[in-house]
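Asks: model this:
(chains A and B)
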There are 2 protein chains.
Amino acid sequence: MKDVYKELKPPERILLGPGPSNVNPRVYKAMMTPVIGYLDSELLRIMDEVVEMLRKVFKTKNSITFPLSGTGTAGMETALCNVIEPEDEVLVCIKGYFGARIKDIVERLGGKPIIIEVPWGEIIPPEKVEKMLKEKKIKLVAIVHAETSTGVLQPLKEISNIVKKTDALLLVDTVASLGGTSIETDELGIDIVYSATQKCLSGPPGLAPITFSKKAIEIIRKRKNNISSFYLDINLLEKYWFGEKRKYHHTISMSLIYALHEALQIVLEEGLEKRFERHRRNAEALRSGLKAMGLKLIAKEGYQAPMITAVAIPDGVSDKQIRARLLKEYGIEIGGGLGEFSGKIWRIGLMGESSTQKNVLLVISALEKLLSEAGYKVKPGTGVSAVSAYYQS
Amino acid sequence: MKDVYKELKPPERILLGPGPSNVNPRVYKAMMTPVIGYLDSELLRIMDEVVEMLRKVFKTKNSITFPLSGTGTAGMETALCNVIEPEDEVLVCIKGYFGARIKDIVERLGGKPIIIEVPWGEIIPPEKVEKMLKEKKIKLVAIVHAETSTGVLQPLKEISNIVKKTDALLLVDTVASLGGTSIETDELGIDIVYSATQKCLSGPPGLAPITFSKKAIEIIRKRKNNISSFYLDINLLEKYWFGEKRKYHHTISMSLIYALHEALQIVLEEGLEKRFERHRRNAEALRSGLKAMGLKLIAKEGYQAPMITAVAIPDGVSDKQIRARLLKEYGIEIGGGLGEFSGKIWRIGLMGESSTQKNVLLVISALEKLLSEAGYKVKPGTGVSAVSAYYQS
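Replies: As a prediction, this is how the structure comes out:
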């Protein structure tokens, strides 16, 4: 075993997978800000600013809005473990890999998942949610906004109107979507929303922005059982993040907070609506290129997420070989399929800093060349022409 | 609400509290290394190196040794939630704030904490552990190595010999001690050890190094109940961190992994034993200065931790005023008391990069001046002379 390790020099990557996305140099620079104490008044001021910016991005006035010290999955677990008690019935909407993960966590917490499942690539029909809410005593309805495993963007308005008429809470996973499309937390009356920093916010991974409505907090306050996690207990986290007198709970990662502060600043400088429009346009350009090459998209027309596109790998083409060549020859990372889609699809992300016209043109022209060399029949220039035409229109 | 926030410029701080400690510029620089995909072969190689270095620092050959995506408290929770099942009896040794936190987590998991408690400032007597292990059917014995709330360093050899003769597992919290004093994981046969990155390892906070013995892993494999946490489930984490085929579980924070890689590299360059000696000497110098000024140490002689010193605030001296002046006039952060020691003690940390002769001289001379101005009777130069004499001896 050696005692001296080489300096880290990972190759340059264009991150067009399901996240992380490319990080703006300003964000790396922010991480050079010195670490200070977890109760230093200057840190508390910076935390307050992060909270203020997160409220803007979540479009909420919720008091309890902050970045958790963990990744998106920690956000998912926090959203669930604070609310669910043993025997609680939870309506879990499964349309891909991450819906299934919610089910797993509900079961670990002793909750009873009631499942609405649709084939991967489809959306959850609101009427199914309505029916279940009538039949069962549901405490929480959980749904993933942008399923990165399928590239589907779930419309939320109808479902939120349905849930709002009941006592149930509505939980939306926006891990992939926050910062890339509008999340109308307050307007739709969503009770719990969580996300991650490394997708459309383009920060480094490690934090999970989360927000709880007053209704959700009231239900947490009325729990009969202890929350199984100390680390993720909102009652304790609240006392550190908010209020006049801050109470130690754990040592947050100042470096990640600094990074998120800068990443959010960049989001707000661009402007939310302009940012969403950029994501929409680049994803549409990408899809027009893929379709022109004869490739089949997984998500149904009209429900395609503006930050992640899942596309079927043509018959006879090797998943691994194409992804390896994309990485080696172009420095481009795209994602493979998860779960039942493993080996069958590619997932091309255009998130945050990675969502650019340049990247769309590059990945389409690279794919066109590599697919053609792998024996897939495509007329040279087809994909790139379609993309160029889209941008000129 | 404003839309443009100022660049972060926190004041320069000398971090002499209970953590975080000062971070080497090399570690900040490592965080500028670009974020890459969570399954990128280059990232997997870097992760392997971090694992290799952590095994050296933990002094273990344990296969399952890696940094968790959370802070020290997440390490504590992971250590407990993977092993403990409802109704399990857990012997929790409480000699300060963090022992009490272990009890809290055991209860949340449905375990039955059996408590050995001693007054804050004392160590846990091994014979008490021996007695309890004979009387009860204990699954796990949990003890904090360096209690940052009291400055006590718990000797582990006798207790580990006692536990080893039983079927119980031994869990040691080394959040404050790892990297500052020797942790003989394999030699003592400790089954679960966890730590944090921001204390004697001098990285930014956000990761929790952890290691599990074969015996611990076997007990986890034989569980009857699901592990309540998906995020902290060792069975799933293992499949991402180890083995030929890595399976996605969550997106780790590459930036924090890069930082830890560099921090561990710095630890190994200095050499473990040299580093421990540095911590020992500087803490001894600090204590000689404090004692010379007539201040009373909390931890009993012989059991004083080499990285954190708790000292009683003299009667009539304002905790807050002195700490505020230290921060404002000297840029020095020291810690206040936790729990029952709140307002009654100060905690002076000399951890990792912060453990230097220069810092000892500075904090002693600053305290001497401020205490004297606050009406505490101390002959000018007393503390600093004692410290200088120590270093010259």
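
Asks: Quick one: end-to-end length of stretch A:89-101, please.
Replies: End-to-end span of stretch A:89-101 (Cα to Cα, to the nearest Å): 16 Å.

Asks: Equivalent analysis for stretch A:294-304, please.
Replies: OK, stretch A:294-304 end separation, Cα to Cα: 17 Å.

Asks: Going by neighbour count, list what's buried in that stretch.
Replies: Using 16 or more other Cβ atoms under 10 Å in any protein chain shown as the burial criterion, the residues of stretch A:294-304 that qualify are A:295, A:297-299, A:303-304. Just so you know, the C-beta spots here come from the backbone N, C-alpha and C atoms, and that holds for glycine as well.

Asks: and after the helix or strand containing A:Leu236, which helix or strand comes next?
Replies: Assigning secondary structure by DSSP states H and E places A:Leu236 in helix A:234-241. Using DSSP H and E, the helix or strand that follows helix A:234-241 towards the C-terminus is helix A:254-270.

Asks: pLDDT on stretch A:34-42, on average?
Replies: Averaged across stretch A:34-42, pLDDT comes to 96.

Asks: how about it: buried residues?
Replies: So, applying 16+ other Cβ under 10 Å, buried residues of stretch A:34-42: A:34-40.

Asks: sorry, back to before: farthest-separated two in the buried residues of stretch A:294-304?
Replies: Across these, the longest distance by Cβ to Cβ is 17.6 Å; it joins A:Leu295 and A:Tyr303.

Asks: Give the residue spans of chain A that score low on pLDDT.
Replies: Counting by pLDDT under 70, the ranges of chain A that qualify are A:1-3.

Asks: residues contacting A:Leu178?
Replies: A:57-58, A:193, A:195-196, A:199-201, A:209 (Cβ atoms under 8 Å, 6 or more residues apart in numbering or on different chains).

Asks: Mind doing that once more with 10 Å?
Replies: A:54, A:57-58, A:72, A:145-146, A:172, A:185, A:193-197, A:199-201, A:209, A:267, A:307 (Cβ atoms under 10 Å, 6 or more residues apart in numbering or on different chains).

Asks: Is it possible to get the buried residues of stretch A:34-42 out as TSV so that each row also shows distance to A:Ser385?
Replies: Output for the buried residues of stretch A:34-42, formatted as TSV (distance: Cβ to Cβ, whole Å):
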residue	distance to A:Ser385
A:Pro34	51
A:Val35	51
A:Ile36	54
A:Gly37	57
A:Tyr38	55
A:Leu39	59
A:Asp40	56
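
Asks: Please list which of those residues are also close to chain B.
Replies: Under the cut-off given by Cβ under 10 Å from any Cβ of the partner chain, chain B has A:34-40 from those close to it.

Asks: Spatially, and excluding backbone neighbours, which residue is closest to the residue in the stretch 101-250 of chain A positioned nearest to chain B.
Replies: Chain B sits closest to A:Gly206 of the stretch 101-250 of chain A, with a gap of 3.2 Å, by Cβ to the nearest Cβ. Once flanking residues are discounted, A:Gly206 sits nearest to B:Ser253: 3.2 Å by Cβ to Cβ, 6 or more residues apart in numbering or on different chains.

Asks: can you tell me the helix or strand for A:Val172?
Replies: strand A:169-173.

Asks: Oops, could you answer that again for A:Glu329 instead?
Replies: Assigned by DSSP H and E, A:Glu329 falls in helix A:319-330.

Asks: next one: A:Thr65
Replies: Here A:Thr65 is assigned to strand A:64-68, by DSSP H and E.

Asks: Report the buried residues of the helix holding A:Leu236.
Replies: A:234, A:236-238, A:240-241.

Asks: Now stretch A:121-138: buried residues?
Replies: Quick answer for stretch A:121-138 (16+ other Cβ under 10 Å): A:121-124, A:126, A:129-130, A:132-133, A:138.

Asks: ok, so of these, who is nearest A:Ala374?
Replies: Taking those together and measuring to A:Ala374 by Cβ to Cβ, the closest member is A:Gly121, at 23.9 Å.

Asks: list the contacts for the nearest residue to that closest one once chain neighbours are set aside?
Replies: Using Cβ to Cβ, 6+ apart and skipping the chain neighbours, the partner closest in space to A:Gly121 is A:Ile298 (4.5 Å). Taking Cβ under 10 Å, 6+ apart, we find A:Ile298 in contact with A:96, A:120-122, A:147, A:149-152, A:304, A:309-312, A:337, A:341, A:344-347.

Asks: Can you list the helices and strands that the biggest helix by length in chain A packs against?
Replies: Counting by DSSP state H, the longest helix found in chain A is helix A:272-292. The contact analysis (3 or more Cβ pairs under 10 Å, 6 or more residues apart in numbering or on different chains; DSSP states H and E) places helix A:272-292 against helix A:41-58, helix A:254-270, strand A:308-312, strand A:345-349, helix A:357-373, helix A:382-392.

Asks: May I see those organised as CSV, with distance to B:Ile217 added?
Replies: Converted to CSV, the helices and strands packed on helix A:272-292 look like this (distance: least, Cβ to Cβ, whole Å):
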stretch, distance to B:Ile217
helix A:41-58, 38
helix A:254-270, 30
strand A:308-312, 36
strand A:345-349, 33
helix A:357-373, 42
helix A:382-392, 49
